[in-house]
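Colleague: need a structure here:
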Amino acid sequence: MRIVLASQSPSRLSILRSAGVEPLIHPAHVDEDALLADAPADPAATVALLATAKAEAVAAEYPGDVVIGADSMLLLNGRLQGKPHTVDATIARWGEQAGQSAELLTGHCVIGPEGRREVATSTTVVHFAAASPADIRAYAESGEPLECAGAFTLEALGGWFIDRIEGDPSSVIGLSLPLLRGALYDFGYSVSQFWNR
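Modeller: The predicted structure follows:
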């Protein structure tokens, strides 16, 4: 039995590898814009919907394995924000969030053998530094935050600009190990049986 990660996120892969798991990578291709157009009003339900779509997109190909889908978005001033994609959008985002606090929501869908599933959303409060305009521009131009929910990372250059978090650090990076552990336990598995040996 393997863990299958329905994502091409290097951060999610790094979390699992650091935790002793070498997952099979099978990125899910879903129409996120279409899903967001019909998404529920509740932000936590929205990220859970995206995570579920990703897990379901690949689960049928791995009926005997554990498939993980995840999606993260930043809830800032009542609005969900995904990846900025461009330098200019990243700078604009940081113009809003520098010196502020926001919630990073990470939806998870874990599908196990026989179609068993766990769906949950982890919420972590992120306190952003009052970064200087020069540092914001340099960070955006580094390319690092362009494909990251909330236009930041915790574990790399972005760590300079996060004052503190309240909640699960692994969830901020992209995948909650506590939520994943709980799902595996509910399915009747031990975490250690997935470790590289």
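
Colleague: packing partners for the helix or strand hosting residue 54?
Modeller: Residue 54 is part of helix 43-59, with elements assigned from DSSP states H and E. When contacts are defined as 3 or more CB pairs under 8 Å, 6 or more residues apart in numbering; DSSP states H and E, helix 43-59 packs onto helix 32-37, strand 66-76, strand 79-81, strand 101-111, strand 117-128. Where you see a C-beta, it was placed from the backbone N, CA and C, and this is true even at glycine.

Colleague: The second one - which strands sit beside it in the sheet, and in what orientation?
Modeller: The strands that strand 66-76 pairs with in its sheet are strand 3-5 (parallel), strand 79-81 (antiparallel), strand 101-111 (antiparallel) (by DSSP bridges).

Colleague: Please convert those to TSV, extending it with distance to residue 16.
Modeller: Formatted as TSV, these follow (distance: least, CB to CB, whole Å):
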stretch	distance to residue 16
strand 3-5	7
strand 79-81	25
strand 101-111	13
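
Colleague: any idea which of those strands scores lowest on pLDDT?
Modeller: Confidence, taken as mean pLDDT, is least for strand 79-81 of the strands paired with strand 66-76 (a mean of 93).

Colleague: so what's residue 170 closest to, chain neighbours aside?
Modeller: Setting aside the residues directly before and after it, residue 170 is nearest to residue 177 in space (CB to CB, 6 or more residues apart in numbering), at 4.6 Å.

Colleague: likewise residue 154?
Modeller: residue 172 (4.8 Å).

Colleague: Check residue 182 too.
Modeller: In space, and not counting its chain neighbours, residue 182 is closest to residue 118: 7.1 Å by CB to CB, 6+ apart.

Colleague: Backbone dihedrals for the most centrally placed residue in the chain, please?
Modeller: Centroid check for the chain by CA atoms, centre = their mean gives residue 174 as the closest residue, at 3.1 Å. Main-chain torsions, residue 174, degrees, to the nearest 10: phi 140, psi -10.

Colleague: Contact partners for the residue nearest to residue 154?
Modeller: Residues near residue 172 by CB atoms under 8 Å, 6 or more residues apart in numbering: 104, 106, 124, 126, 154, 165.

Colleague: most neighbours, which of those?
Modeller: residue 106 (29 neighbours; other CB atoms under 10 Å).

Colleague: what bridges to it?
Modeller: Under the criterion used here (DSSP bridges), residue 106 is bridged to residue 72, residue 122.

Colleague: on that earlier part again, would you mind measuring from the residue nearest to residue 154 to residue 132?
Modeller: According to CB to CB, to the nearest Å, residue 172 and residue 132 sit 23 Å apart.

Colleague: Next: residue 81.
Modeller: For residue 81, the distance to residue 132 - CB to CB - is 21 Å.
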